[in-house]
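Participant: A predicted structure for the sequence below; I have some questions about it.
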Amino acid sequence: MSAQRKLRYGMVGGGQGAFIGAVHRMAANLDGQMELVAGAFSADAENSRVTGEQLFLNPARVYASYAEMARREAALPAAERIDFVTIVTPNFLHAPVATTFLKAGFHVVCDKPMTLDLKEAKALRAVVRKTGRVFALTHNYTGYPMVKEARELVRTGRLGKILKVVAEYPQGWLLDRIEADGHKQAAWRADPKKAGATCCLGDIGTHAENLGRYITGLHIESLCASFTTFIPGRKLEDDANLLICYQGGAQGVLHASQISCGEENNLNIRVYGTLGSLAWHQEHPNELKFQPKGEPARILRRGNGYVSDAAKKFTRLPFGHPEAFIEAFANIYLEAAAAIRDHAAGRPGVYDFPTVDDGVYGMAFLETAVKSAKSKVKWTPFVNYK
């Protein structure tokens, strides 16, 4: 692979009416390092065709199915075929699509949660290891510069020993049963066959868990979960509340909700240690509150010279020019691109993006929470994810 060319990628999912596919395309395009050249954008062949037309793709590279796409792309000369595929389908397709493309020799960028269940996740991890291909999972909130700054504060001991983690992700968009009215994004999330055993926790709570683990490095020892389905007729939970015991003694509280009236996308996290605390809010992503013990609170802002190199590396604009959701996604794509280029050159590297192992851990988290929510005992040991 020439270092002088853009990476070529294809997309599975993300056709007309989809939300996250467009986000991925904007993020991948942001830094000019990759270009979309192929896609199987929908299970509806006409939707896929029209989407490809709207994206100005060669009609010969717009496919009716992901299986056809993998087969025909693999048959193309190396100078023409895609380098990687981005998967932005409902959950139940993540594992089969990823497995198909990995076995065909392609790298993969996949939306979260990684699979439908833990069994699928472990099987997919085995395929990634066997093929040796790059696999990046888009837990995009880890891409924010001030989240990386938060992790550096913990890593460098500025918070001391971590005692408590509080992660929240409230939304209000499912307060009405809009899936019954044909709302596409709500419909598959509320369908156990397409979303898996959980709606709210799998859709957004997994982000809160991943964010806490990314910043603190803590792993869960056991948890106590309560799921509630507030909206009549809905098959999966729309509100989840968890108490968490971490290895080493720290405690945690995590709640995710999609029926919290008035909330938009209010992911936030607070981490408390023996020497200080921090707080970050996704709706105000360019700021990080740092509270050293016995000192005034400090508001750290993205783009300033005082932030760590880890935060500076993923910052594009000077201070006072906000960066947010698209840029966070783009940071994951940048790191995945570096890994793909290094893979082609046969040189090892260290990268900062969620991997297949994060995906397996996330599915173990969901399986443990579902098990606890159904149990009368409640406190449930974290399931084996090795």
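Facilitator: Thanks, I have the structure now.
Participant: all contacts plus neighbour counts: C-alpha atoms, from now on.
Facilitator: Noted.
Participant: can you pull the contacts of residue 206?
Facilitator: When contacts are counted by Cα atoms under 8 Å, 6 or more residues apart in numbering, residue 206 is found next to 113, 362, 365-366.
Participant: measure the residue nearest the centre of the chain to residue 118 for me?
Facilitator: When the chain is reduced to its mean C-alpha position, the nearest residue by Cα atoms, centre = their mean turns out to be residue 139, at 2.0 Å. When Cα to Cα, to the nearest Å is the yardstick, residue 139 and residue 118 sit 17 Å from each other.
Participant: sorry, back to before: ok, the residue nearest to the centre of the chain touching residue 111?
Facilitator: Yes - shown here, residue 139 and residue 111 form a contact pair, counting by Cα atoms under 8 Å, at 7.5 Å.
Participant: now the contacts of residue 206 in a markdown table, please, with extra columns for pLDDT, distance to residue 90 and neighbour count.
Facilitator: Converted to a markdown table, the contacts of residue 206 look like this (pLDDT from 0 to 100; distance: Cα to Cα, whole Å; neighbours: other Cα atoms under 10 Å):
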| residue | pLDDT | distance to residue 90 | neighbour count |
| --- | --- | --- | --- |
| 113 | 97 | 9 | 29 |
| 362 | 98 | 16 | 26 |
| 365 | 98 | 19 | 26 |
| 366 | 98 | 16 | 25 |
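Participant: out of the residues you listed, who's nearest residue 30?
Facilitator: The shortest gap between residue 30 and any of the contacts of residue 206 belongs to residue 113, at 23.8 Å (Cα to Cα).
Participant: for residue 210, see how far away the closest one is.
Facilitator: From residue 113 across to residue 210, the span is 10 Å (Cα to Cα).
Participant: what do the two both touch?
Facilitator: Where contact means Cα under 8 Å, 6+ apart, the residues bridging residue 113 and residue 210 through contact with each are residue 362.
Participant: burial of the residue nearest to residue 301 when sequence neighbours are not counted, as a residue count?
Facilitator: Of all residues not flanking residue 301 in the chain, residue 287 sits nearest, at 4.7 Å (Cα to Cα, 6 or more residues apart in numbering). Residue 287 has 20 neighbouring residues, counting by other Cα atoms under 10 Å.
Participant: tell me the spacing between residue 287 and residue 313.
Facilitator: In this view, residue 287 and residue 313 are 16 Å apart by Cα to Cα.
Participant: on that earlier part again, what sits in contact with each of residue 139 and residue 111?
Facilitator: Joint contacts of residue 139 and residue 111 (Cα under 8 Å, 6+ apart) do not exist.
Participant: any idea which element residue 168 lies in?
Facilitator: strand 162-170 (DSSP states H and E).
Participant: list the contacts of residue 329.
Facilitator: Residue 329 makes contact with 23-24, 27-28, 138, 140-141, 143 under the criterion Cα under 8 Å, 6+ apart.
Participant: strands of the stretch 101-250 of the chain, start to end?
Facilitator: 107-110, 135-137, 162-170, 220-228, 239-246 (DSSP state E, counting those that start in this stretch).
Participant: who wins for proximity to residue 331 among those strands?
Facilitator: Distances from residue 331 to each of the strands of the stretch 101-250 of the chain were compared by Cα to Cα, and the smallest falls on strand 135-137, at 11.6 Å.
Participant: show me what that closest one pairs with in its sheet, parallel or antiparallel.
Facilitator: strand 107-110 (parallel) (DSSP bridges).
Participant: give the rounded mean pLDDT of the partner strand.
Facilitator: Averaging the model's pLDDT scores along strand 107-110 yields 98.
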